[in-house]
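J.: sequence unknown, structure follows:
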């Protein structure tokens with residue numbers, strides 16, 4: 001594991017989130033600026049699409065089309081021919097704003113939501129994880145998650161891991177994934193103390209990288225659930241992470257100084273940062 005200081009790649013953002021390495025570029029949402037961007041390894045970025053109700057989780061269909069979680073109106077959208085079209089209205093199952101998402105190799109999207117509008121130290125309301133088929137058909141994949149947040153699926157498609165940011169204690173939760181996308185055998189993979197896991201990504205050794213914004217560090221968690229390493233991020237709060245780059249060993253971090261929209265828009269201190277690690281992304 002690298003012990004280097006994360007390098008600034010691209011700044012002047014409000015609140016970057018939902019990073020995904022795809023087709024040689026890093027794609028991410030600037031949630032509070034209501035934009036989706038893509039960025040090459042040099043840091044040059046181009047705007048992909050505006051999402052009026054705020055973008056969060058990103059993913060890709062097997063044919064390469066972009067899926068975007070639209071937070072405030074609780075919809076899953078697809079960028080098709082330059083236009084955003086609705087895949088599913090998640091509001092029958094999402095009890096609050098939708099947030100992060102992971103998409104499997106068949107194009108099935110697992111979308112979380114905040115449960116309610118409360119904030120710590122108030123207890124969180126349980127939330128459902130919604131499974132959306134490429135056709136738009138929906139069903140609840142898991143109940144009673146406490147702020148389901150960053151999620152990954154193992155390369156064999158057999159396990160889904162998701163951060164429960166406001167569980168007591170905060171944790172990573174794992175499920176078995178059936179052939180039809182159903183989830184079963186729920187278990188806790190890792191428990192945390194002061195850390196509140198947000199965005200996550202998976203490396204080729206089945207270690208989970210975890211953004212821990214309120215302890216200003218990114219963690220590497222081994223398959224047994226122990227913290228195998230910590231990388232401090234100084235004054236920057238990492239809210240999400242993704243492995244990418246040409247050989248899969250660049251760890252990209254989405255950082256900000258606050259999660260509050262008015263503060264992030266005023267300061268524009270959000271940034272994409274990176275550092276090199278030894279183990280590449282899962283599937284590389």
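T.: Nice, I can see it. Just so it is clear, the model here is predicted, and its values are computed rather than measured.
J.: contacts, neighbours, all on C-alpha from now
T.: Will do.
J.: For this structure, give me the ranges with low pLDDT.
T.: 1-3, 284 (pLDDT under 70).
J.: residue ranges for the helices of it, please.
T.: With DSSP state H as the criterion, the chain has helices at 261-267.
J.: ok now do the residue of it most remote from its centre, which residues does it touch?
T.: In the chain, counting by CA atoms, centre = their mean, residue 81 sits farthest out from the average C-alpha position, at 24.8 Å. The contact partners of residue 81, by CA atoms under 8 Å, 6 or more residues apart in numbering, come to none.
J.: Pull up the gap between it and residue 25, please.
T.: 19 Å (CA to CA, to the nearest Å).
J.: and what of residue 129?
T.: Going from residue 129 to residue 25 by CA to CA gives 28 Å.
J.: Please name the nearest non-neighbouring residue to residue 243.
T.: Spatially, and ignoring its direct neighbours in sequence, residue 243 is nearest to residue 251 (4.6 Å; CA to CA, 6 or more residues apart in numbering).
J.: can you count the residues close to the residue nearest to residue 249 when sequence neighbours are not counted?
T.: Spatial nearest neighbour of residue 249, chain neighbours left out: residue 280 (4.4 Å); criterion: CA to CA, 6+ apart. Residues near residue 280, counting by other CA atoms under 10 Å, number 21.
J.: Residue 122 too?
T.: 8.
J.: Also the one 4 residues further on?
T.: Around residue 126 there are 18 other residues, counting by other CA under 10 Å.
J.: Then residue 283?
T.: Count around residue 283 with other CA under 10 Å applied: 11.
J.: ok, it touching residue 204?
T.: Yes. Taking CA atoms under 8 Å as the definition, residue 283 is a contact partner of residue 204 at 6.5 Å.
J.: Walking through the stretch 1-150 of the chain, point out its strands one by one.
T.: 7-13, 16-22, 25-30, 35-39, 45-50, 55-60, 66-70, 75-80, 83-89, 98-103, 109-113, 127-132, 138-145, 148-153 (DSSP state E, counting those that start in this stretch).
J.: would TSV of those with mean neighbour count be doable?
T.: Below are these laid out as TSV (neighbours: other CA atoms under 10 Å):
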stretch	mean neighbour count
strand 7-13	16
strand 16-22	26
strand 25-30	25
strand 35-39	21
strand 45-50	15
strand 55-60	28
strand 66-70	26
strand 75-80	21
strand 83-89	17
strand 98-103	27
strand 109-113	28
strand 127-132	24
strand 138-145	17
strand 148-153	27
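J.: CSV for the ones you listed, including distance to residue 177?
T.: Output for the strands of the stretch 1-150 of the chain, formatted as CSV (distance: least, CA to CA, whole Å):
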stretch, distance to residue 177
strand 7-13, 36
strand 16-22, 21
strand 25-30, 26
strand 35-39, 29
strand 45-50, 31
strand 55-60, 18
strand 66-70, 21
strand 75-80, 21
strand 83-89, 22
strand 98-103, 13
strand 109-113, 11
strand 127-132, 12
strand 138-145, 10
strand 148-153, 9
